[in-house]
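J.: Return atomic coordinates for the entry below.
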Amino acid sequence: MFNTPDKPIMYTPEQVAAMLQLSKSSVYDLIKRGDIIAKKFGKVYRVPVTSLSFVFSGLDYDLYKAEQEDLRFIDNIHKTISQVRSEQ
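T.: As a prediction, this is how the structure comes out:
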């Protein structure tokens, strides 16, 4: 899967800044904080289009809520894992 002129799959931080009407440094700050997921290739970052979808869809909050729900049952999960391992 590669970028095509009509359907890019990755953007530069500069392109993201233009789309979001932010400064380039603000985008880099968002990347460093983990609010925008980016991959670093050598000295340059590339932002997958899916990362921008997550920013606007609120998926991060959904993942946070799911993690909190999982943590409520973490003791049961560890207990089950221990039981399965002891049966092997």
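J.: What segments of this protein are helices?
T.: Counting by DSSP state H, the chain has helices at residues 13-20, 24-33, 49-57, 59-72, 74-87.
J.: list the buried ones in the top strand by length along the chain?
T.: Determined from DSSP state E, the single longest strand within the chain is strand 44-48. By neighbour count on 16 or more other Cβ atoms under 10 Å, the buried set for strand 44-48 is 45-48. Any C-beta I mention is one placed from the backbone N, CA and C, and that applies to glycine too.
J.: burial of V55, as a residue count?
T.: Counted with other Cβ atoms under 10 Å, residues neighbouring V55 total 17.
J.: And for L20?
T.: The number of residues near L20, taken as other Cβ under 10 Å, comes to 15.
J.: mind checking how far the residue nearest to it when sequence neighbours are not counted is from K79?
T.: Among residues not flanking L20 along the chain, V27 sits closest, at 7.1 Å (Cβ to Cβ, 6 or more residues apart in numbering). Counting by Cβ to Cβ, to the nearest Å, the gap from V27 to K79 is 44 Å.
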